[in-house]
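> Requesting a structural model of the entry that follows:
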Amino acid sequence: MYSWILGRKDFSRREYRPAPDIVNSVLNLGYSFLANEASLALAAAKLDVELGFLHSIHYGRNSLALDLMEEFRAPFVDAWMIHLFNSKILTENDFEDKDHGYFLSRDGYHKFLDEFHKHAKAVAWRKQIALQSSKLKTFVLRGETYEPFEFK
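Coordinates of the predicted model:
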């Protein structure tokens, strides 16, 4: 899928923790941040973040936030991650190989945070996620049609 990033041959598929390569490392962190953004937006809309439609319900898991973030994975995290690598904002030097996985170094993490805040503001992602949360609430309470987010 992303094996062409940085000419890397070690990324062949999506894997979780510990991240076996730098691409999965950034995806893991990006998805965690996106899940938090979705949880905040859903809580602000006064929806129970643990009661999901697509993801099974487990105690302590924000299943509804995971459902909502599915709409935003590709444009919010995946495309942005490709930008971070192709623009050489993040390089191999920003990662450490420890405990059988790849993790951002202290400097790499600070770069990631700076770029994340810029990215969240650039397309008003937080506003888009909040709008989808509001639409989801209307769907749940009134049964109106729910239109998933479409990046244009």
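
> Please make it C-alpha for all contacts and neighbour counts, starting now.
Will do.

> Need the residues that contact stretch 78-89.
Stretch 78-89 is contacted from outside by 5-6, 23, 26-27, 30, 90-91, 111, 119, using CA atoms under 8 Å, 6 or more residues apart in numbering.

> how far does that stretch sit from the chain's center?
Taking CA atoms, centre = their mean, to the nearest Å, one finds stretch 78-89 lying 14 Å from the centre of the chain it belongs to.

> Farthest pair within the contacts of stretch 78-89?
Leu6 and His119 (21.0 Å; CA to CA).

> Starting from the longest helix anywhere in the chain, tell me the next helix or strand along the chain.
Assignment by DSSP state H gives helix 22-44 as the longest helix of the chain. Note on helix 22-44: by DSSP states H and E, the next helix or strand toward the C-terminus is helix 63-69.

> Can you mark which positions in that next one are buried?
The neighbour-count check on helix 63-69 (16 or more other CA atoms under 10 Å) flags 63-69 as buried.

> Could you do stretch 74-89 as well?
In stretch 74-89, the ones that count as buried by 16+ other CA under 10 Å are 76-78, 80-82, 84-85.

> got any ranges where this structure has weak pLDDT?
1-14, 16, 54-61 (pLDDT under 70).

> Look up how far Pro75 lies from the residue nearest to the spatial centre of it.
For the chain, the residue sitting closest to the mean C-alpha position, by CA atoms, centre = their mean, is Tyr31 at 2.6 Å. Distance of Tyr31 to Pro75, computed by CA to CA, to the nearest Å: 12 Å.

> now do Phe103
For Phe103, the distance to Pro75 - CA to CA - is 23 Å.

> Then Ser133?
From Ser133 to Pro75 the distance is 17 Å (CA to CA).

> send the alpha carbons of stretch 110-118 over as PDB?
This file holds the C-alpha atoms of stretch 110-118, laid out as PDB (Å, rounded to 0.1, in the frame of the first residue of the first chain):
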ATOM      1  CA  HIS A 110       7.800  17.400  18.500                       C
ATOM      2  CA  LYS A 111       7.800  17.700  14.700                       C
ATOM      3  CA  PHE A 112       4.800  15.500  14.500                       C
ATOM      4  CA  LEU A 113       2.900  17.600  17.100                       C
ATOM      5  CA  ASP A 114       3.800  20.900  15.300                       C
ATOM      6  CA  GLU A 115       2.700  19.500  12.000                       C
ATOM      7  CA  PHE A 116      -0.500  17.900  13.500                       C
ATOM      8  CA  HIS A 117      -1.700  21.300  14.800                       C
ATOM      9  CA  LYS A 118      -1.000  23.000  11.500                       C
END
